[in-house]
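Participant: Here is the input, now give the coordinates:
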Amino acid sequence: MAAPPFFQSGRATAAAPPLFRSGPTIEPGARTAADLHFYEPGKGHGLRHNPFKAIVAPRPIGWISTRSAGGVNNLAPYSFFNAFCEAPPIVGFACASDNRDTLHNVEQTGEFVFNLVTRALAERMNATSASVAPDVDEFTLAGLTPAPSRLIAAPRVAQSPVSFECRRTDVLQLRAADGSPAPAWLVLGEVIGVHLDKALLRDGTYDTAAAQHLARAGGLGDYFWVCADTMMQMKRPG
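Facilitator: Numbering: from 1, shown residues only. So this is what the prediction gives:
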């Protein structure tokens, strides 16, 4: 099967190199208790690697840009990111206690930008995941261009084909079932402005496959990317 085109900056170029390995196909069917590995997360998983993030995958990447109250730009990827409401459009990401620069900026300014990570931007997104001091500008670190937003002060990534300007709606510290605080915060924001590359519009419809979204898999270095060969259509019944 021919490799799909590699979309970058509004044009299709040579195919991107593969990022991940293939595995066996699991056939559908009822499974017995003997077929299943059961564990209670609080007591350990009993496996070589914790499967939680590999199961909840692929996950869209929240590439979040902010600006501190002092004017320093920040850019970092978050693997726990998603949309939570369509009207009004609300997106959110979870921030761990050891990576709080973004959270601090959102709490100070009340705004952030989601920038779409595509296959073309994979390596530069990865560069922005480095642990650096709060005064380090990850745009500069990764060779990216901060572009002005329309409605907020936080910049967007000029190289990204889609950006959401967001205003904070909630910041919640997550809790365990027993009520004890978890070392993570859920940041939610309303999308108040959308920047969308016109090259990704087909008859008024956004072409997800053409954009080649990048998504997190389970391992430390595992990713998936969306292309036409892995998409399918299925209508709702009735």
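
Participant: Check what pLDDT the residue nearest in space to the middle of the chain gets.
Facilitator: Residue closest to the mean C-alpha point of the chain, counted by C-alpha atoms, centre = their mean, is residue 61 at 1.0 Å. Per-residue pLDDT puts residue 61 at 97.

Participant: can you pull the contacts of it?
Facilitator: Residues in contact with residue 61 (C-beta atoms under 8 Å, 6 or more residues apart in numbering) are 77, 78, 79, 81, 117, 125, 214, 215, 216. Every residue, glycine included, has its C-beta placed from N, CA and C.

Participant: can you list the residues you listed in JSON lines and add secondary structure?
Facilitator: Converted to JSON lines, the contacts of residue 61 look like this (DSSP: H, G, I helix; E, B strand; the rest coil):
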{"residue": "77", "secondary structure": "strand"}
{"residue": "78", "secondary structure": "strand"}
{"residue": "79", "secondary structure": "coil"}
{"residue": "81", "secondary structure": "strand"}
{"residue": "117", "secondary structure": "coil"}
{"residue": "125", "secondary structure": "helix"}
{"residue": "214", "secondary structure": "strand"}
{"residue": "215", "secondary structure": "strand"}
{"residue": "216", "secondary structure": "strand"}
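
Participant: Who wins on neighbours among the residues you listed?
Facilitator: In terms of neighbours by other C-beta atoms under 10 Å, the contacts of residue 61 top out with residue 117 at 29 neighbours.

Participant: was I right about that residue contacting residue 77?
Facilitator: Yes: at 6.8 Å, residue 117 and residue 77 qualify as touching, with contact defined as C-beta atoms under 8 Å.
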